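> Generate coordinates for the sequence data below:
(one chain, ligands or ions: 1)
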Amino acid sequence: MATPELVPGLAGIPAAESSISYIDGQKGLLAYRGYSIEELAEKSNFEEVSRLLVHGELPTPEEHERFSALLRENRGLSERMLDVIRALPGNGHPMDALQASMAALGMFSRARDYRDPAQRDEAIVRIIGAMPVLVAAFERFRSGEDFIPPDPSLDTAANFLWMLTGEKPDPLAARVLDVALILHADHTMNASTFTARVVGSTEADPFTVVASAVGSLTGPLHGGANERVLRDLETVSGVEEVPDFVEGRLATKGKLMGFGHRVYKVKDPRAVILQGLARELFEKLGRTPLYDVAVRLEEEVVSRLGHKGIHPNVDFYSGFVYSKLGIPVDDFTPIFAIARTSGWLAHWREQMQDNRIFRPGQVYSGEHGRSYVPIDQR
Ligand code: CMC
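Predicted structure coming up:
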């Protein structure tokens with residue numbers, strides 16, 4: 001049999017059949033279960049979108065209320081679980097803390113039979129409900145503060161902001177975060193979703209599936225980019241420095257973080273929505289030089305690299321939005337993880353409905369038929 005041709009990064013190779021989300025990278029379209037991201041961002045909310053992703057349909061009022069109530073009931077962490085998070089090194093990265101605490105949460109959960117669809121759905125609400133609480137708990141402990149218990153009157157976004165600060169969030173801030181969560185909730189076969197499906201295909205438990213996907217999301221080419229964007233921009237002191245910054249990065253063959261995408265060859269539709277939210281937020285809470293630098297940077301990069309299909313992606317504007325909400329820079333990627341958990345678990349559920357373990361091939365480039373040489377003769 002002829003050796004199949006290797007496709008680096010599996011670019012364009014379908015890894016699963018899925019009905020969860022859809023991208024048209026030439027037209028800049030993204031839809032969840034057939035609903036455009038623009039319409040969901042304007043009219044829906046993260047909890048409803050999570051249910052849509054997992055179950056495939058917009059919920060009836062009763063289904064929505066039940067799903068939201070389940071998420072809220074599943075926010076609780078035991079004292080021992082909080083002790084685990086408290087014991088994690090406060091100078092470590094919050095994504096590592098999240099990965100460790102998700103694995104630990106699985107250890108505290110009764111062993112289940114995840115071939116049973118009802119037990120799968122129970123795990124899904126437990127994990128989506130607990131995820132923001134794990135992030136907020138680590139943030140409080142590493143700042144030397146007490147844990148703030150979740151407030152069941154608040155939805156996922158507002159409750160997360162409440163648990164970070166203990167202050168009732170400004171309605172615009174809560175809505176902006178809610179929209180950011182909607183925008184990050186799923187995105188076809190990206191690296192972390194692929195990770196979730198691969199780990200799930202071994203029939204590993206869903207806590208392990210999500211902990212593995214969190215690990216995959218940490219890298220700067222994936223979710224870690226949102227943190228890098230802000231760190232980069234903090235090194236540029238004004239709009240006039242932008243051309244030199246871009247030149248310097250390209251001269252060293254470095255990547256401009258927050259730009260480029262494997263699938264989109266036009267501006268990422270999520271970046272368009274986030275840019276609008278950033279504008280609204282900065283108008284209400286005050287404009288900073290960082291915003292002007294970002295707008296100038298987009299102009300400069302697109303004028304130089306737009307012909308290669310390089311435009312801002314979702315990570316470019318999300319960092320500005322989160323920094324304006326007062327969220328620490330290294331919590332940006334954990335927020336991405338909070339949102340993407342719904343997508344990961346929707347894919348896990350889909351994978352489990354018709355599972356076959358992932359076991360791809362490879363193109364072998366090593367040697368054959370060598371004879372072992374004893375160590376004293378090498
Ligand atoms: N800055 C400068 N050049 C770039 C960039 C960039 N951000 N992205 C792509 N290129 C160039 C790349 O150097 C290559 O040029 P050439 O053909 O001359 O060698 C060409 O564009 C194709 O790039 P690639 O790296 O082969 O594209 P890819 O599909 O393998 O990678 C990517 C996609 C997102 C990893 C890449 O664009 C990148 O590293 N971007 C910066 C990191 C980033 O913002 N990641 C977030 C992605 S969106 C949300 C998420 O998934 O988390």
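> Show me where the stretch 1-150 of the chain dips below the pLDDT cut-off.
1 (pLDDT under 70).
> Excluding sequence neighbours, find me the nearest residue to the closest residue to the ligand within it.
Ranking the residues of the stretch 1-150 of the chain by distance to the ligand (C-beta to the nearest ligand atom) places G9 first, at 5.4 Å. Quick note: C-beta positions are derived from backbone N, CA and C, even for glycine. Nearest non-adjacent residue to G9, counting by C-beta to C-beta, 6 or more residues apart in numbering: R262, 7.3 Å away.
> Pick out the residue of the stretch 151-300 of the chain closest to the ligand.
Counting by C-beta to the nearest ligand atom, the stretch 151-300 of the chain gets nearest the ligand through G260, at 2.4 Å.
> tell me the contacts of the most centrally placed residue in the chain?
With distances taken as C-alpha atoms, centre = their mean, F336 lies nearest the centre of the chain, 3.2 Å away. Taking C-beta atoms under 8 Å, 6 or more residues apart in numbering as the contact definition, F336 lies against H184, L217, G223, N226, S318.
> cool, and L233?
L290, V293, A294, L297, G319.
> before we move on, the earlier item: nearest spatial neighbour of the residue of the stretch 151-300 of the chain closest to the ligand, skipping sequence neighbours?
Closest residue to G260 in three dimensions, ignoring its sequence neighbours and counting by C-beta to C-beta, 6+ apart: I310, at 4.6 Å.
> burial measure for the one you found, as a count.
The criterion is other C-beta atoms under 10 Å. On that basis, I310 has 18 neighbouring residues.
> just to revisit the earlier point, and the contacts of F336, which of them are in strands?
Of the positions in those, not one sits in strands, assigned by DSSP state E.
> Between all of those, which two are separated the most?
The distance between the two most remote of the contacts of F336 (C-beta to C-beta) is 13.2 Å, for L217 and S318.
> quick one: which of those two has more around it?
Neighbour comparison, L217 and S318: the larger count goes to S318, with 30 against 25 (by other C-beta under 10 Å).
> Quick check, pLDDT for the more buried one.
Here, the pLDDT recorded for S318 equals 91.
> Now do the contacts for it.
S318 makes contact with A180, L183, H184, N226, L274, F332, I335, F336, according to C-beta under 8 Å, 6+ apart.
> what about 7 Å?
In this structure, S318 makes contact with A180, N226, L274, F332, judged by C-beta atoms under 7 Å, 6 or more residues apart in numbering.
> Make sure I have this right: the last one is in a helix.
What that stands for is F332. Yes - judged by DSSP: H, G, I helix; E, B strand; the rest coil, F332 forms part of a helix.
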